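Asks: need a structure here:
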Amino acid sequence: MLKDYLQLCWLSGYPEDLPSDRKFLFSNLGAYLLLGLFIQANISDPIEAFVQIFIEVIITIIFMAGLLLNDRSTYNFERFLTAILVCENFVYTLGLPILFWYILAKGSDYANYPIYFGIALIVWSVAIIAHLLKGLFNLNWKVSASLSMLYFVLTYFGSFGILLLTGL
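Replies: Below you'll find the model as predicted:
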C-alpha cells in the first residue's frame, strides 16, 4: 500500500484509485507528528513546536474537509488525508539531512546551500499537493497549483500566525 501512495510523490499514479486503510492513515498521522515535531523542535522551542504541529494537522483537516464538502465527495476524505500525509512524510524525511546540514553549516561559507535544497523541497511539496488536487477533483493545473499554494500558506504560515496571536 505504501508503494501505491509513494508513486504520488513522483507526480505519477492516480489518487482516486488508491486503497484506504484506517490503520495506515493513523500510522502516517503518527509519523507526520513525530517527524514534524522533530524538525520543528530543532528550529524552535519544543512546546511551541508541539503546538504548531497540531495546528498544522487541524488546518490540513479543515482545508481538506472544505474541499471535499464543496465537491460533495466526502467519501474520499480518508484517502485524501492519507495521500497528503504520506507525501508530506516523504518530503519531511528528505528534509531531515538538510536540517542537520543547515545546523552544522551555520556561520560557514556553505550555510546557504541547505536553504536552497529546502526551497526545492518546498516547491516539490507544493507540486505534489497540486498533483493530488488535480487528480482527485479533476482540476486544471492552474487551479490545483493555486489551491496547493493556498494550502501551503494556510498550513505553515497560518500555524505560525496562530502561535504569534496566542503568544506562544
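
Asks: can you tell me what sits against the helix-or-strand element of the chain with minimal mean pLDDT?
Replies: The helix or strand of the chain with the lowest confidence, counting by mean pLDDT, DSSP states H and E, is helix 2-6 at a mean of 76. Identification of contacts with helix 2-6 by Cβ atoms under 8 Å, 6 or more residues apart in numbering yields 13, 18-19, 24, 82-83, 86-87, 90. C-beta coordinates here come from the backbone N, C-alpha and C atoms, glycine included.

Asks: out of these, which is most surrounded?
Replies: Scoring the contacts of helix 2-6 on neighbours with other Cβ atoms under 10 Å, the highest-scoring entry is Ala83 at 29 neighbours.

Asks: which element is it on?
Replies: Assigned by DSSP states H and E, Ala83 belongs to helix 77-105.

Asks: packing partners for that helix?
Replies: Packing contacts for helix 77-105, counted by 3 or more Cβ pairs under 8 Å, 6 or more residues apart in numbering; DSSP states H and E, involve helix 2-6, helix 22-43, helix 46-71, helix 113-137.

Asks: quick check, central residue of this structure?
Replies: Glu88 (3.8 Å; Cα atoms, centre = their mean).

Asks: OK, contacts around that residue?
Replies: 32, 125.

Asks: which pLDDT does the model give it?
Replies: Listed pLDDT for Glu88 reads 88.

Asks: gap between it and Leu165?
Replies: Distance, Glu88 to Leu165, using Cβ to Cβ, to the nearest Å: 24 Å.

Asks: check Phe24 too.
Replies: Separation of Phe24 from Leu165 (Cβ to Cβ): 35 Å.

Asks: ok, now Ile128?
Replies: Separation of Ile128 from Leu165 (Cβ to Cβ): 29 Å.

Asks: shaky segments in this protein?
Replies: 168 (pLDDT under 70).

Asks: now with 90?
Replies: 1-22, 24-25, 28-29, 32-89, 92, 95-115, 118, 132-139, 155-168 (pLDDT under 90).

Asks: can you tell me the SS state at Ser12?
Replies: Following DSSP: H, G, I helix; E, B strand; the rest coil, Ser12 is assigned to coil.

Asks: higher neighbour count, Ile128 and Leu165?
Replies: Comparing Ile128 with Leu165 by neighbour count (other Cβ under 10 Å), the higher total belongs to Ile128, at 22 against 8.

Asks: separation between that one and Ser144?
Replies: Going from Ile128 to Ser144 by Cβ to Cβ gives 11 Å.
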